[in-house]
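>>> Predicted structure and sequence below. I'll ask about it afterward.
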Amino acid sequence: MTGRDRPLATGELLDLLHRGHVQVEDVRPIDAYNGWRLHGEARGGHIAGARALPFKWSAYLDWIEIVRSKGLRPDAPLVVYGHDAEESEAVAGLFRSAGYGGVRVYHAFIEEWCPDPKLPMDRLARYAQLVPAEWVHRLITTGSAPEYDGSGFVVCHAHYRDTGDYEQGHIPSAVNLDTNTLESPETWNRRSPAEVRDALLALGITADTTVVLYGRFSLPDNADPFPGSSAGQIAAFRCAWIMLWAGVKDVRVLNGGMQSWLDAGFAASTAADAPRPAGRFGVEIPAAPQLAVDLPEARQILAAADANLVCVRSWPEYIGEVSGYNYIEKKGRIPGAVFAECGSDAYHMENYRNLDHTTREFGEIVELWRQVGITPDKHNAFYCGTGWRGSEAFFNAWLMGWPRVSVYDGGWFEWSADESNPIETGEPAVAIPGAPGS
Amino acid sequence: MNDERPSMASVQEEIVAEMAGLEGSLKTYAYLVELGRALQAPEPSIRQEAHAVAGCQSRVWIRAELRGGRMRISADGEAMITRGIIALLLRVLDGRTPAEILDGDLFFLDRTGLRSHLSPARGNGLAAMVQRIRSCTEEAIAAT
């Protein structure tokens, strides 16, 4: 073994980190990176400053595109670590084949780095609310799982008006959750407190229930009359936000949705699992009203120095090229809103997801937001067309533990329907960092 | 279009044979990028919202029109790997009859591993591209 190939010692890695400019890649599953202790880690999370590059992704033909999208430089030192030496070596080999020089591996993360409280680690603040498929499998097969208090759980397969999406295959024991039971099909806003309470009780959900939500991504197409029916994972985030607003104390989302369940090798069920209705919700809805913003407060936020109305829409929607929806006529944007691009259109969230549909490494989202002034010291109210994408962005900020986050529920649909509200179109006078027009 | 053109199946067999010699994902990636670089640039006007394909990890535009009984397909993409995939789809589908496009089995996507070895997001983009070509073909038939 040459010096170049020899695994780094902990002291050597510390030295490299102190000198700076070293790129550290964590090849464990994204959930371990976020904070789950999947391999006996004494502390959950990752080496502070490390980037997530799960070994699973190295099987993709477009792996190097992921590497480049993270801005990893071939001419700077790079260290790969994980829980399994073979996986780390394999990824290091891929980097070398792709022309990366100075690639080293570090094999003592589990044995030496995690147990030593003096060595810096970081994690997603509310990582336990973004769960891996293995955790859900353990929960539904044994009735217990790490960081679950045993007070009862309901797994929900979220979708929009398409029970066939549930029937074609869902996580065993999951119940069928149509977003229309929680959202008004006229305004697309959350339903009234009484309606939300009744819908949750019918699913067997009370304030004390642990709820796990997920959906299926199945090629949303704007030419389809109901593209939202194919954007199930965004639907899951939407329902998660409504449940948090209502007062469900333990709301979790399966990271990557149905894709992660299938990727993990678990079987889907086509048997309908009937909910077991509950009798009393336990708290008055909404127990967390501060998580929702409506039109009057949205206007106040626009005028406030310490708050952002955050537009989680696509660039063509933002500049008024399209409305984004086959049921919204007006095109344009809310003047003064901060643009935090979702991805390609109203049914895609590429900027907030990894290529396997798991939630993007949180540090990358923080950096995107920081560039446009979305920071945790402000109140950030996220919106989109009717609330789905805004809810996913909200959930990201909530997972990070940001103290003042909410969803402007009405979004562009509500704003543009009121003739007294101003509208802007065209490219903004000042370029937005990272946006297509910049 | 020359009627003596190899069948869709034989063009796909050629692609399968070419890609069978590539060892490892990086070699396959390099092959796709090379194809992407060589892809003839269509007219810039294709890059408009009307031709954009939703669901692709990087932006893709496809235009497919029925002329002389055959579908004439042009496409463009921002990422080189995507342009490589476009080049393969055009090699198989451009200039075919609507019936060939709608009834044809794109088996090369499975036998080369393209469908299964792309990341889920880019694999969804590939499916969206195929879907767009087929829907344009259906619309072209309906308009005649």
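Nice, thanks for sending it over.

>>> Have a look at the chain and report its longest helix.
Defaulting to chain A. For chain A, the helix reaching the highest residue count under DSSP state H is reported as helix A:232-246.

>>> that's the other chain; I wanted chain B
Longest helix in chain B, counting by DSSP H: helix B:120-143.

>>> Could you list every helix and strand that it packs against?
Applying 3 or more Cβ pairs under 8 Å, 6 or more residues apart in numbering or on different chains; DSSP states H and E, we find helix B:120-143 packed against strand B:60-67, strand B:70-77, helix B:80-93, helix B:98-103, helix B:114-117. Quick note: C-beta positions are derived from backbone N, CA and C, even for glycine.

>>> Pick out the residue closest to the middle of chain B.
With distances taken as Cα atoms, centre = their mean, chain B has B:Leu89 as the residue nearest its mean C-alpha position (2.1 Å).

>>> Give me the neighbour count for whichever residue of chain B sits closest to chain A.
Proximity to chain A, evaluated over chain B using Cβ to the nearest Cβ, is greatest for B:Ser119 at 3.6 Å. Summarising burial for B:Ser119: neighbours were counted as other Cβ atoms under 10 Å in any protein chain shown, giving 22.

>>> near chain A, which residues of chain B show up?
The interface of chain B toward chain A, taken as Cβ under 8 Å from any Cβ of the partner chain, is made up of B:24-26, B:28-29, B:32, B:49, B:52, B:54-57, B:59, B:79, B:81, B:113-114, B:117-122, B:124, B:127-128, B:131, B:135.

>>> show me what contacts the closest residue to chain B within the stretch 51-200 of chain A?
Each residue of the stretch 51-200 of chain A has a distance to chain B, by Cβ to the nearest Cβ, and the smallest belongs to A:Tyr60, at 4.2 Å. Contacts here follow Cβ atoms under 8 Å, 6 or more residues apart in numbering or on different chains; on that basis A:Tyr60 touches A:66, A:355, B:25, B:117-119, B:122.

>>> Give the buried residues for stretch A:268-288.
When neighbours are counted by 16 or more other Cβ atoms under 10 Å in any protein chain shown, the buried residues of stretch A:268-288 are found to be A:269, A:273, A:278, A:281, A:283, A:285-288.

>>> Just the closest of these to A:Leu254, please.
Nearest to A:Leu254 among the buried residues of stretch A:268-288, counting by Cβ to Cβ, is A:Ser269 at 14.9 Å.

>>> Now that closest one: phi and psi?
Geometry field for A:Ser269 lists phi and psi as phi -110, psi 140, criterion degrees, to the nearest 10.

>>> Tell me how many other residues crowd the nearest residue to it once chain neighbours are set aside.
Once flanking residues are discounted, A:Ser269 sits nearest to A:Pro172: 4.2 Å by Cβ to Cβ, 6 or more residues apart in numbering or on different chains. Residues within reach of A:Pro172, counting by other Cβ under 10 Å, total 17.

>>> can you pull out the helices in the stretch 101-250 of chain A?
Per DSSP state H, counting those that start in this stretch, the stretch 101-250 of chain A has helices spanning A:133-142, A:163-167, A:193-202, A:232-246. These are given in chain order.

>>> Next, format those helices as CSV and append mean neighbour count and distance to A:Tyr127.
Output for these, formatted as CSV (neighbours: other Cβ atoms under 10 Å in any protein chain shown; distance: least, Cβ to Cβ, whole Å):
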stretch, mean neighbour count, distance to A:Tyr127
helix A:133-142, 18, 11
helix A:163-167, 16, 28
helix A:193-202, 18, 25
helix A:232-246, 28, 15
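
>>> I'd like these as a markdown table, with mean pLDDT and distance to chain B appended.
Formatted as a markdown table, the entries for the helices of the stretch 101-250 of chain A read as follows, by pLDDT from 0 to 100; distance: least, Cβ to the nearest Cβ, whole Å:
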| stretch | mean pLDDT | distance to chain B |
| --- | --- | --- |
| helix A:133-142 | 98 | 14 |
| helix A:163-167 | 95 | 16 |
| helix A:193-202 | 98 | 30 |
| helix A:232-246 | 97 | 11 |
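
>>> Let me have those helices in TSV, extended by distance to A:Leu124.
Putting the helices of the stretch 101-250 of chain A into TSV (distance: least, Cβ to Cβ, whole Å) gives the following:
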stretch	distance to A:Leu124
helix A:133-142	14
helix A:163-167	28
helix A:193-202	26
helix A:232-246	15
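
>>> now the helices and strands packed on helix B:120-143 as TSV including mean pLDDT?
Written out in TSV, the entries for those read as follows (pLDDT from 0 to 100):
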stretch	mean pLDDT
strand B:60-67	94
strand B:70-77	95
helix B:80-93	95
helix B:98-103	96
helix B:114-117	90
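
>>> Residue 34: what's it in contact with?
Assuming you mean chain A. Each residue near A:Asn34 by Cβ under 8 Å, 6+ apart is listed here: A:45, A:123-124, A:127, A:130, A:255, A:362.

>>> That was the other one, I meant chain B.
B:Glu34 sits next to B:Gly84 when contact means Cβ under 8 Å, 6+ apart.
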